[in-house]
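Enquirer: Below are the sequence and a predicted model for it; my questions follow.
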Amino acid sequence: MVAAAAITLTVMVVNWLLAHWWVLLVALVLAVLAGVGWVYNRQQQARWDAVRAQGLRYGLSQLDSLHHARFEDAVRDLMRRDGCRDAQRVGGRGDLGADVKATDPFGRRWVIQCKHRRNGAQGSAVGTPDLQVLNGTARQVHGADVAVIVTNGRVSGPAVKFAKEQRLHVVDRQTLAVWASGSRPLWELLRAVPPPRRPSPLS
């Protein structure tokens, strides 16, 4: 009787599914999406683990050869190397001056604008207008404690002056070389970084 009931129930379920085939399609799509998401998360976690284990480093020649989007990825990865577990690249159309966002181990919110120059130091200098965009959105729109512009190129004198006046931080080619090729976090290389928001084992 139990076997007969099980067979009858199975037949009913099969018939219902045949009549409502779209349910199977939706379930299949959801299962595929869930599987893709799981695989992606595992791959990302493995990547970050490898980054931390290997002590990520870049040379200037490597950074110069990157596409601008991959340069943003490199900056994000360096922030993760330094302990910013939530570092993410948000650059793209409509990014409002933020290419990378991160929270450091001291609770400070970092908003970073990246300016990649294909020709490195020979490319056009980062100017005051670039700093003005960052200044106008980093704190008011993105809630930054630390607003930074990072470039593998040059920064004009007026731009450096503007940055000091507006409490913006500039990571030029020389500072980038030290940060990317070493193991010191960015906040140890910059002056006048705001104090920690919360205690940390690193403080």
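Expert: Looks like it arrived, so ask away. For clarity, every value in this text was computed on a predicted model and none was experimentally measured.
Enquirer: If I look at the closest residue to residue 71 other than its chain neighbours, what pLDDT would I see?
Expert: Counting by C-beta to C-beta, 6 or more residues apart in numbering, residue 116 is the residue found nearest to residue 71 once chain neighbours are left out, at 4.0 Å. All C-beta atoms are positioned from the backbone trio N, CA, C, and that covers glycine. Note for residue 116: predicted pLDDT of 96.
Enquirer: Which residue ranges of this structure form helices?
Expert: For the chain, the helices defined by DSSP state H cover 2-19, 21-54, 60-64, 68-81, 128-137, 157-165, 173-181.
Enquirer: Comparing these, which comes out most buried?
Expert: Of all those, helix 68-81 has the most neighbours on average by mean count of other C-beta atoms under 10 Å, namely a mean of 20.
Enquirer: which helices and strands sit right next to it?
Expert: In terms of contacts (3 or more C-beta pairs under 8 Å, 6 or more residues apart in numbering; DSSP states H and E), helix 68-81 is packed against helix 21-54, strand 88-89, strand 100-103, strand 109-115, helix 173-181.
Enquirer: Just give me the residue right at the centre of the chain.
Expert: For the chain, the residue nearest the mean C-alpha position is residue 88 (2.1 Å; C-alpha atoms, centre = their mean).
Enquirer: And the helix or strand of the chain with the lowest mean pLDDT, how far out from the chain middle?
Expert: When the helices and strands of the chain are compared on mean pLDDT, DSSP states H and E, helix 21-54 comes out lowest with a mean of 78. Centroid displacement of helix 21-54 relative to its chain, using C-alpha atoms, centre = their mean, to the nearest Å, is 19 Å.
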